[in-house]
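1. show me how the following folds:
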Amino acid sequence: MIPFSPPYVDQDVIDEVVDSLKSGWITTGPKVKTLEQKIGEFVGVPNVLCVNSWTSGMMLMLRWFGVGEGDEVIVPAYTYSATALSVMNIGAVPVMVDVKDDFNIDVDKIREAITEKTKVIVPVDIAGWPCDYDAINAVVKEPAVIGKFRPANDLQQKLSRIAVMADAAHSIGAQYKGNTCGSLTDVTIFSLHAVKNVTTAEGGAIALNLPEPFDNKELYDFLRVFSLNGQTKDAFTKTKAGGWRYDIVSQGLKVNMPDVCAAIGLVQIQKYDVQLLQERRRVFEHYNQLFSRFPWAILPPYKDNATLSSCHIYALRINNISEEQRDAIIENISSRQIAVNVHFVPMPLLSLFKNKGYDIRDYPGAYQQYKGEISLPIYPQLSHEQVETVANAVIQAYDKIVC
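-> Reported below is the predicted structural model:
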């Protein structure tokens, strides 16, 4: 059996977790702070806040920015549901737009979707391939777009335009035109979920990169409090002798990351650039080599000039097949004890969103990418021989189902 995406857990990870357990402190404390610093060093953004999931991180930032009832947030139709659910969970409306053939949000569609109610744009780096951030950042600064912006509070007035908050759940370690993901937009939120390139079992990391006159260190300090129910001291600080007194200064959320989870990510982020990411690229490139000779195989975007994927998902597409044929190919591969996946079912195909009036016919690009997509296993532990086994299973399944 070849699993789809097991977490990378070596003895160093185990030792770090055991160290946390033996320390007598397992919730938010020194390991979380160190992990924040290490992620910040890696992505080139000094102020990073770790939380308990990508979803709660996005909810935290939308709430901080004052997004709520009646506001609109632009998201791609082709993404995991959390992108839209984080918007809905604070009372705002996700405005879905279509994607291009690299899976990522169509910038022209963003411009068309902007209204006076738009407060935030959430581009998503599908599979670890960065969006066109130069174009997106240019759109929100166009005079006509700025003219539509209606600030509803002091923070929105301070920015004086639509905020760009990147969904970089897949793209830690990716580069866009020579710049590292995390430094490309006002806010970038990474996922540290169990299947991600760097994991804390469950978790997320918010990279703060707001322009002047914002003070990102000051914002980090506020969000640290805001993520702990608005409490001025975390539990670690309160347990120190004489440190019991605290205050509640804002109506925050309870979304902090515990140290016992941070321990896993702390080891992984220190091995990521020199080992784990390189191994993911090895697997990605091997798949490319094996599939490049087949005209029916559409290879996922990997690198282009100074842009480079994080190789989170190997999103292979089969050219000119139906959704039903794709499903049959997956069933055939699975019968060989190889786990594959689909990233993603476009949100307008899901019952929750269909029942709210979203219609897949309005997003032909999203459906086109989805109907032929098969996500193949890609992780550091995959051997050369296992990659070839997966590729051969796909090729044989295609020959049986389509030819």
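2. for the residue nearest to the spatial centre of the chain, what are its contacts?
-> Among the residues of the chain, the one closest to the centroid is A169, at 1.2 Å (C-alpha atoms, centre = their mean). Residues near A169 by C-beta atoms under 8 Å, 6 or more residues apart in numbering: 54, 80, 82, 124-125, 189-191, 193, 196. (Each C-beta comes from the backbone N, C-alpha and C, glycine too.)
3. same deal with I269?
-> So I269 contacts 35, 38-39, 42, 198 (C-beta under 8 Å, 6+ apart).
4. for it, which non-adjacent residue is closest in space?
-> K38 (4.8 Å; C-beta to C-beta, 6 or more residues apart in numbering).
5. got phi/psi on that neighbour?
-> phi -70, psi -40 (degrees, to the nearest 10).
6. so it touches Q270, yeah?
-> Yes - in this structure K38 lies within contact range of Q270 using C-beta atoms under 8 Å: 6.4 Å.
7. continuing past the helix or strand of the chain with the lowest mean pLDDT, what's the next helix or strand?
-> One helix or strand of the chain scores below all others by mean pLDDT, DSSP states H and E: helix 235-238, with a mean of 67. Per DSSP states H and E, the first helix or strand lying C-terminal to helix 235-238 is helix 259-271.
8. what's downstream of that next one, the next helix or strand?
-> Taking DSSP H and E, what comes next after helix 259-271 is helix 277-291.
9. may I see the buried residues of that following helix?
-> Buried positions in helix 277-291, judged by neighbour count with 16 or more other C-beta atoms under 10 Å: 277, 279-284, 286-287, 290-291.
10. and that helix, average pLDDT?
-> The average pLDDT within helix 277-291 is 98.
11. can you name every helix or strand that that helix contacts?
-> strand 314-318, helix 384-401 (3 or more C-beta pairs under 8 Å, 6 or more residues apart in numbering; DSSP states H and E).
12. check which element follows that helix along the chain.
-> With DSSP H and E, the next secondary element past helix 277-291 is strand 297-298.
13. what residues does that next one touch?
-> Strand 297-298 has contacts (C-beta under 8 Å, 6+ apart) with 291, 316-319, 372.
14. then stretch 56-66?
-> With C-beta under 8 Å, 6+ apart as the contact definition, stretch 56-66 has outside contacts at 49, 51, 73, 82-83, 86-87, 89-90, 92, 119-120, 122, 152-153, 155-156, 163, 165, 167, 187, 189, 204-206, 222-223, 226-227, 253, 255.
15. tell me which residues of the host helix or strand of V145 are tucked away?
-> Using DSSP H and E, V145 falls within helix 143-148. Neighbour-count burial for helix 143-148 flags V145 (criterion: 16+ other C-beta under 10 Å).
16. and the contacts of I269, which is closest to R336?
-> Of all the contacts of I269, V198 has the smallest distance to R336: 29.9 Å, by C-beta to C-beta.
17. assign a three-state SS to the closest one, would you?
-> Three-state assignment for V198 (DSSP: H, G, I helix; E, B strand; the rest coil): coil.
18. doesn't S191 make contact with it?
-> No - V198 is beyond contact range of S191, at 9.1 Å (criterion: C-beta under 8 Å).
19. so what's the residue count around S53?
-> 21 (other C-beta atoms under 10 Å).
20. same deal with A174?
-> 26.
21. ditto for D15
-> With other C-beta under 10 Å as criterion, D15 counts 12.
22. what's near enough to touch the residue nearest to T28 when sequence neighbours are not counted?
-> Excluding its sequence neighbours, the residue lying closest to T28 (C-beta to C-beta, 6+ apart) is N256, at 4.5 Å. Each residue near N256 by C-beta under 8 Å, 6+ apart is listed here: 27-28, 32, 50-52, 227-228, 234.
23. one step back: so what's the residue nearest to I269 up against?
-> Counted by C-beta under 8 Å, 6+ apart, K38 has contacts 266, 269-270.
24. turn the residues you listed into TSV, columns for distance to S20 and pLDDT.
-> Shown next, in TSV, are the contacts of K38 (distance: C-beta to C-beta, whole Å; pLDDT from 0 to 100):
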residue	distance to S20	pLDDT
L266	9	98
I269	15	98
Q270	15	97
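25. mind putting those residues in CSV, distance to V340 included?
-> Below are those laid out as CSV (distance: C-beta to C-beta, whole Å):
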residue, distance to V340
L266, 31
I269, 28
Q270, 31
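26. on that earlier part again, now, which of the contacts of I269 sits nearest P211?
-> Distances from P211 to the contacts of I269, taken by C-beta to C-beta, are shortest for I39, at 20.9 Å.
27. test my guess that I146 contacts A138.
-> No - with contact taken as C-beta under 8 Å, I146 and A138 are classed as non-touching, separated by 11.7 Å.
28. list the contacts of N216.
-> 45-47, 208-210.
29. mind putting those in JSON lines, secondary structure and neighbour count included?
-> Shown next, in JSON lines, are these (DSSP: H, G, I helix; E, B strand; the rest coil; neighbours: other C-beta atoms under 10 Å):
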{"residue": "V45", "secondary structure": "coil", "neighbour count": "22"}
{"residue": "P46", "secondary structure": "coil", "neighbour count": "15"}
{"residue": "N47", "secondary structure": "coil", "neighbour count": "19"}
{"residue": "L208", "secondary structure": "strand", "neighbour count": "23"}
{"residue": "N209", "secondary structure": "coil", "neighbour count": "21"}
{"residue": "L210", "secondary structure": "coil", "neighbour count": "17"}
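30. hmm, which two among those residues are most spread apart?
-> P46 and L210 (12.4 Å).
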